[in-house]
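In: what's the 3D shape of this:
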Amino acid sequence: MSTSSSIPPVQRKRTSRDLANAVDLRPRDIFDLHGVPSSTLHEWCTREHDRLPSSLIPGRRGKRGVRLVKRKDIEAFIEKFRTA
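Out: Presented below is the predicted three-dimensional model:
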């Protein structure tokens, strides 16, 4: 019988996203484009008044899921507070 190999299993590589044409943005994409941390983005999406519109795709089997924000919504939201 052979012993287990010392070579680790192949890890899935994420493909790079074309952020210039993306309509729905993940928190990491928003951080790359605008510098907004994910904790601040979560606060904006879950507060009671003046909420940032977003959609949450729940994860399966106890995983966190993915929050998506439309590009036009995040840019309008940031611009509204930039001018104030």
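In: Can I get the longest helix that the chain contains in PDB, CA atoms only?
Out: Ranked by number of residues, the top helix in the chain under DSSP state H is helix 71-83. Extracted in PDB, the C-alpha atoms of helix 71-83 (Å, rounded to 0.1, in the frame of the first residue of the first chain):
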ATOM      1  CA  ARG A  71     -22.600  49.800  -8.900                       C
ATOM      2  CA  LYS A  72     -24.900  52.700  -9.600                       C
ATOM      3  CA  ASP A  73     -26.300  52.500  -6.000                       C
ATOM      4  CA  ILE A  74     -22.900  52.500  -4.300                       C
ATOM      5  CA  GLU A  75     -21.700  55.400  -6.400                       C
ATOM      6  CA  ALA A  76     -24.800  57.500  -5.800                       C
ATOM      7  CA  PHE A  77     -24.600  56.700  -2.100                       C
ATOM      8  CA  ILE A  78     -21.000  57.800  -1.800                       C
ATOM      9  CA  GLU A  79     -21.600  60.900  -3.900                       C
ATOM     10  CA  LYS A  80     -24.500  61.900  -1.700                       C
ATOM     11  CA  PHE A  81     -22.300  61.900   1.400                       C
ATOM     12  CA  ARG A  82     -19.300  63.400  -0.500                       C
ATOM     13  CA  THR A  83     -21.200  66.600  -1.400                       C
END
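In: okay, now the closest residue to residue 78 other than its chain neighbours: neighbour count?
Out: Spatial nearest neighbour of residue 78, excluding adjacent residues (C-beta to C-beta, 6 or more residues apart in numbering): residue 34 at 6.2 Å. C-beta: built from backbone N, CA, C; applies to glycine. Other residues near residue 34 come to 13 when the count uses other C-beta atoms under 10 Å.
In: Can you point out the buried residues in the longest helix of the chain?
Out: Buried positions in helix 71-83, judged by neighbour count with 16 or more other C-beta atoms under 10 Å: 71, 74, 77, 78.
In: ditto for stretch 50-59
Out: Neighbour-count burial for stretch 50-59 flags 52, 54 (criterion: 16+ other C-beta under 10 Å).
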